[in-house]
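Chemist: quick one, fold the following:
(one chain, ligands or ions: 1)
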Amino acid sequence: MALIKCNECGKDVSEKAESCPNCGAPVEVKAKSFRLSKSEKKGGCISSFIKLIGIGLLCMFIYVMFIADSGNKMGGIVSSDFTVKVTGTSGLEFSGAYMATTPTGKSTSKSVDGVVPAQYKITANIVSVNFQKKTEGGILKVQIIRGGKVVAESETSAEYGVASVATH
Ligand SMILES: [Zn+2]
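Modeler: Next comes the predicted model:
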């Protein structure tokens, strides 16, 4: 049983009382307004419930983002599948090397002699690429892609220019 303050004397009165036992003032009006504020509180509960869901979704979103990015953030633990994509001037010749570092810290370098467009699949923790144009003209563009997203890219149009990219 809730208590409300009497309109007239300010004493505590049962909300179910018809009138104040102290001064006799009717408490009906105030009781009604009390009920109204009670239902307003209910609305407040609903909106805070929605807020709670919102916070929950936000936490899930951050969690998913973290998991999706963990291959990068937890460097030294997780390996990812990378694609090194070479584009630019079609038919342009290039050479160089890419280096793949495994979660254990072991690095392996692979020499490459290629023609644009080219693509290399690498499973590693860290990938670094150094490709150089064999010609004066043309554009050489190197992208490192993970999960369909370009994580690093470099482009050169310089004479015998070098495109150098790394995931870290
Ligand atoms: Zn009273």
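
Chemist: next SSE after the helix or strand bottoming out on mean pLDDT in the chain?
Modeler: Least confident element among the helices and strands of the chain, by mean pLDDT, DSSP states H and E: helix 28-73 (a mean of 67). Where DSSP states H and E defines the elements, the next helix or strand beyond helix 28-73 is strand 80-88.

Chemist: figure out how far that following strand is from the centre of its chain.
Modeler: Its chain's average C-alpha position is 23 Å from that of strand 80-88, according to CA atoms, centre = their mean, to the nearest Å.

Chemist: show me what that strand is packed against.
Modeler: strand 118-124, strand 126-133, strand 140-146 (3 or more CB pairs under 8 Å, 6 or more residues apart in numbering; DSSP states H and E). For the C-beta atoms, the positions are set from N, CA and C on the backbone; glycine is no exception.

Chemist: try 10 Å this time
Modeler: helix 28-73, strand 93-101, strand 107-115, strand 118-124, strand 126-133, strand 140-146, strand 149-156, strand 162-166 (3 or more CB pairs under 10 Å, 6 or more residues apart in numbering; DSSP states H and E).

Chemist: any idea how far the ion is from the residue nearest the centre of the chain?
Modeler: Central residue of the chain (CA atoms, centre = their mean): Met65, 3.8 Å from the mean position. Computed with CB to the ion, to the nearest Å, the distance linking Met65 and the ion is 59 Å.

Chemist: same question for Thr135.
Modeler: Distance, Thr135 to the ion, by CB to the ion: 98 Å.

Chemist: hang on, that residue packs against Phe94?
Modeler: Yes. Thr135 is within contact range of Phe94, at 8.7 Å (criterion: CB atoms under 10 Å).

Chemist: tell me, what's touching those two both at once?
Modeler: With contacts defined as CB atoms under 10 Å, 6 or more residues apart in numbering, the residues adjacent to both Thr135 and Phe94 are Tyr160, Gly161.

Chemist: mind checking which of these two has more residues around it?
Modeler: Ranked by neighbour count (other CB atoms under 10 Å), Thr135 and Phe94 place Phe94 first, with 25 against 14.

Chemist: what's opposite the more buried one in the beta bridge?
Modeler: Gly114, Lys133 (DSSP bridges).
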